[in-house]
Each structure stands twice: as structure tokens, then as C-alpha cells.
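Trainee: Sequence first, then the predicted structure:
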Amino acid sequence: MECSDRRPLDIIRDILAVVEELNTLKDVDAILDRVLGEARSMTGADAGSIFLREGDHLRFSYVHNDTLFRGPDASKHLYTNYTVPINERSIVGYAAKTGESVVIDDAYALSGREPYSFNKKFDEETGYRTRSMLTIPLKTFQDRTVGVMQLLNARDCDNRVRPFTKDDIQYAPLFANSASVTVERGIMTREIMLRMMKMAEMRDPKETGGHVQRVGAYSAEIYQTWARRKGIDALTIKRNKDVLRLAAMLHDVGKVGISDTILKKPGRFEPHEAAIMHWHSVYGAALFANTTSELDQLCLQIALGHHERWDGRGYPGRLPENLGEVRELCAEPIAGEDIPIAARITALADVYDALISVRVYKEAWAEEQVLEEIVKGRGTQFDPEVVDAFLEIQDVIRAIHKKFQG
């Protein structure tokens with residue numbers, strides 16, 4: 001904010017406008033990305049991270065770093081998996097415990113009298129030099145702390161690191177508290193999705209919460225790379241990535257309509273059992289058939305099309321209009337770009353996760369073997385451009401698989 005001479009009223013109007021925009025976002029990751037981006041823009045911060053509260057711990061949930069995170073694999077840092085206890089020994093833990101912002105002009109010049117200490121591990125591993133820090137608890141209007149946002153290395157007009165200013169310290173917490181309600185809503189939306197999948201998991205021992213979170217994250221990151229290659233603008237990419245992650249998590253929700261005799265069978269299906277199982281795509285799509293929201297439309301496309309193949313030899317074909325009277329799946333083939341891109345992406349993400357994970361009927365395949373299988377299916381089972389995007393971000397894919405284990 002040092003380079004800006006905006007009046008306080010203009011700043012508050014901008015904050016309210018961003019909070020209104022946040023209300024249009026659905027997935028918690030998209031909300032965190034926008035919150036962190038706006039807070040950094042307000043303060044000139046080079047980097048920042050957000051931790052979300054889970055009981056008596058904070059879980060690392062989102063990160064930006066303009067100095068370090070560049071290139072196709074930059075997203076892998078979003079899937080770092082660690083927690084910090086809520087106590088006074090760490091800076092973020094102190095902010096969460098006390099509900100107070102922490103302002104530090106130079107992290108390496110702490111007096112030693114503070115209850116907290118600066119953890120130098122990240123700097124030592126990456127070569128980054130943390131100086132100024134602004135750590136803000138994310139508190140709702142009901143005074144619930146949903147997380148902590150930490151901003152690093154504010155920069156002046158000449159791009160030199162400076163301390164956070166009085167305006168930064170005043171307005172960034174105001175924005176953070178205003179945005180906290182939206183963050184809390186995003187968390188609740190994600191939890192509702194996971195509860196819906198928990199119903200399927202209770203009936204199908206082959207499905208796990210880890211699987212749906214991985215497929216959602218794989219799909220979102222593959223889409224982002226595919227879309228950048230297609231020249232799609234950044235705003236559209238962010239909006240579509242937001243809803244795609246959630247919709248891909250629900251790709252198998254139609255399994256709730258399949259008999260326990262089929263779902264809980266240990267081992268591979270007989271042909272007639274597989275034919276019954278194919279109906280889960282139609283059942284899932286039918287759940288969203290009479291809705292008009294963007295998310296529901298994407299859920300329909302993915303549920304129906306995530307077992308279609310690029311060469312037209314997948315299933316189920318089309319969604320029948322009179323589902324209750326139909327006894328056989330539509331055999332009309334869908335191929336190539338007639339399959340919605342969200343379904344083509346989720347199809348690859350689902351197959352990848354099934355192969356690289358342990359299932360009741362198989363051991364996990366080695367990564368090299370899985371990649372060979374994916375490449376072998378390029379142009380037959382999978383969209384070639386989707387495969388290329390997937391192969392470009394293998395560090396991101398590995399980070400997702402590691403974070404959402406189980």
C-alpha cells in the first residue's frame with residue numbers, strides 16, 4: 001500500500017467489492033487463492049500462506065510465492081501436507097491462540113523475549129530470505145477463528161523488501177475478517193461434498209475419501225494446464241477450476257443406486273455384474289438432470305461421461321429421458337470432443353488413481369507402469385491433449401497423491 005495514495009473510503013469499497021466476488025466462488029481452494037491474492041495486493045507482499053483450523057491444530061492449506069513458485073509444477077507447493085499446533089511457540093500458532101495479529105519487521109532480528117520463534121527451515125531449504133511478516137487470525141463476526149493468514153516480505157515501489165505499514169496493519173486484518181465468513185462457507189461446502197461421498201464409501205469398500213479428493217485435485221490441475229495450453233484467459237481458468245474440482249469429486253456418486261451384492265463383491269466383476277455397475281454413470285447424472293446451476297451441470301457431465309473413451313468405445317452413451325422405464329444402457333457411441341472436456345479430464349484422473357492405488361482386487365501399480373499405461377491409451381482411451389497436460393505436471397500429481405493418502 002506504500003505506492004498507493006488511495007483514500008480509506010476507496011480501500012474499504014475495494015474490500016467490500018472483493019468480499020462480494022468471493023461469494024460467487026464455491027470451492028474452498030478457489031476462495032483461499034482469491035483471499036490470499038487480494039491481501040498480498042493490498043500490502044505489496046511477495047508471498048503468503050493460509051492455515052485452516054482443525055481442532056487444536058492449523059493445517060497448511062494454501063500458499064503463494066512470486067519469487068520461488070514459477071513454471072508448470074508451481075502448483076505442487078499447494079499440496080504440502082503439515083500441521084502446526086495452536087500454541088504460543090510458533091508465530092501462526094500464537095496468532096490463532098491469542099486472536100491477535102503479529103507484526104514482525106525482520107524475522108531474523110527477533111529479540112528472543114517473544115513467546116514464539118521464527119522457523120528458518122523453509123528459508124534454509126529454498127534459499128528464500130524472509131524479512132517482514134504480517135500474521136493475521138481469520139476470525140468470523142462471531143469471533144470464531146477459522147484459520148491464520150501469514151503475509152511475507154512487503155515490497156516498496158522499487159521492489160525492495162520493507163516493513164508492513166500502518167495502513168497494511170489496519171486494513172489487511174479488516175479484509176481478512178470480512179473474508180473469513182466466505183472461507184468458512186467454502187470449508188462447509190467441501191465437507192458436505194465429502195459427506196455425500198462418505199455415503200457411497202459406506203456402501204462401496206473400494207471408494208475412499210482420499211480417492212475422491214485426489215481425483216478432484218488431479219482434475220483441477222490437469223484442467224489448468226490444458227486450459228493454459230489452449231490460451232484460455234486466467235480468470236476463466238480460475239472460475240472453471242473452482243467448480244471442476246468439486247464436480248470431479250462427485251464422479252462416482254451414482255454408486256448409491258447400485259446393489260450391495262455388486263458393490264461389496266471382493267474381486268473383479270463377472271460380465272453381467274460389470275453391466276449392472278455401468279449404470280452408476282447414469283444414476284449419478286440423473287441426480288443432476290433437472291438443475292440449472294453451473295456446478296450441477298458439470299456434475300452431470302462428469303458423472304455421465306467419466307467412463308467414455310476418446311475412441312467411442314466407452315459407456316454409457318446418452319442419458320435416457322425416461323430413466324425409470326429403460327432396461328438397457330444407450331449404445332449410441334460418444335467419442336472425441338463430443339465428450340465434455342471435464343469428463344475427459346476426470347476419466348484420466350480416475351484411471352490414474354485407480355491404477356496407482358491399492359484396491360481390494362489389486363496391488364498398487366508402480367508409477368512407471370501407470371504412466372506407460374496412460375501413454376498407451378493416448379488417442380484411444382484418453383484425449384491426447386489431456387494426456388499431454390497430465391504428463392507436464394507430474395510433480396504436482398505426486399504431491400496430490402502424497403497429501404490425500406488413505
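Mentor: Happy to help now that I have it.
Trainee: going forward, measure contacts between C-alpha atoms and count neighbours the same way
Mentor: Noted.
Trainee: quick one, what contacts E100?
Mentor: Counting by C-alpha atoms under 8 Å, 6 or more residues apart in numbering, E100 makes contact with 94, 136-137.
Trainee: can you put these in a markdown table and add distance to A343?
Mentor: Output for the contacts of E100, formatted as a markdown table (distance: C-alpha to C-alpha, whole Å):
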| residue | distance to A343 |
| --- | --- |
| Y94 | 44 |
| I136 | 39 |
| P137 | 39 |
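Trainee: Give me the subset of these lying in strands.
Mentor: Of those, the ones assigned to strands by DSSP state E are 136-137.
Trainee: quick one: secondary structure of G147?
Mentor: Following DSSP: H, G, I helix; E, B strand; the rest coil, we place G147 in the strand state.
Trainee: What is the burial count for the nearest residue to it once chain neighbours are set aside?
Mentor: The shortest distance from G147 to any non-neighbouring residue, by C-alpha to C-alpha, 6 or more residues apart in numbering, is to L52 (4.0 Å). The local packing of L52 (other C-alpha atoms under 10 Å) involves 24 other residues.
Trainee: close enough to count as contact, L52 and R59?
Mentor: Yes. L52 lies in contact with R59 (C-alpha atoms under 8 Å); the separation is 5.2 Å.
Trainee: which residues does the residue nearest to G147 contact?
Mentor: Counting by C-alpha under 8 Å, 6+ apart, L52 touches 58-61, 146-148.
Trainee: same question, G305
Mentor: Per C-alpha under 8 Å, 6+ apart, neighbours of G305: 281, 315-317, 339-340, 343-344, 347.
Trainee: what would those look like in CSV with pLDDT and distance to E221?
Mentor: Output for the contacts of G305, formatted as CSV (pLDDT from 0 to 100; distance: C-alpha to C-alpha, whole Å):
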residue, pLDDT, distance to E221
S281, 90, 23
Y315, 89, 25
P316, 84, 26
G317, 72, 27
I339, 96, 19
P340, 96, 17
A343, 97, 14
R344, 98, 14
A347, 98, 14
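Trainee: Which ones among the residues you listed lie within helices?
Mentor: Of these, the ones assigned to helices by DSSP state H are 281, 343-344, 347.
Trainee: Run through the neighbouring helices and strands of the longest helix along the chain.
Mentor: What stands out as the longest helix in the chain, according to DSSP H, is helix 166-203. In terms of contacts (3 or more C-alpha pairs under 8 Å, 6 or more residues apart in numbering; DSSP states H and E), helix 166-203 is packed against helix 8-22, helix 28-43, strand 133-139, strand 145-155, helix 209-229, helix 234-249.
Trainee: and the ones you listed as TSV, adding mean pLDDT?
Mentor: Shown next, in TSV, are the helices and strands packed on helix 166-203 (pLDDT from 0 to 100):
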stretch	mean pLDDT
helix 8-22	75
helix 28-43	91
strand 133-139	96
strand 145-155	96
helix 209-229	93
helix 234-249	90
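Trainee: any idea which of those is most buried?
Mentor: Here the criterion is mean neighbour count by mean count of other C-alpha atoms under 10 Å, and of the helices and strands packed on helix 166-203 the winner is strand 133-139, at a mean of 27.
Trainee: and which of the contacts of L52 is nearest to D158?
Mentor: D158 has its nearest neighbour among those in V148, at 28.7 Å by C-alpha to C-alpha.
Trainee: so where is this protein shaky, pLDDT-wise?
Mentor: Counting by pLDDT under 70, the chain contains low-confidence residues at 1-11, 71-74, 199-209, 319-331, 360-361, 406.
Trainee: Show me which residues of stretch 256-271 are buried.
Mentor: Under the neighbour-count criterion of 16 or more other C-alpha atoms under 10 Å, stretch 256-271 has 256-258, 262-263 buried.
Trainee: from the middle of its chain, how far away would that stretch be?
Mentor: 30 Å (C-alpha atoms, centre = their mean, to the nearest Å).
Trainee: now stretch 76-93
Mentor: 18 Å.
Trainee: outside of that stretch, which residues touch it?
Mentor: By C-alpha under 8 Å, 6+ apart, stretch 76-93 touches 56-63, 69, 94-97, 102, 115-119, 135, 148-150, 395-397, 399-400, 403.
Trainee: How about stretch 217-229?
Mentor: The contact list for stretch 217-229 (C-alpha under 8 Å, 6+ apart) reads 72, 75, 234, 237-238, 241-242, 244-245, 248, 342, 345-346, 349, 385-386, 389-390, 392-393, 396-397, 400.
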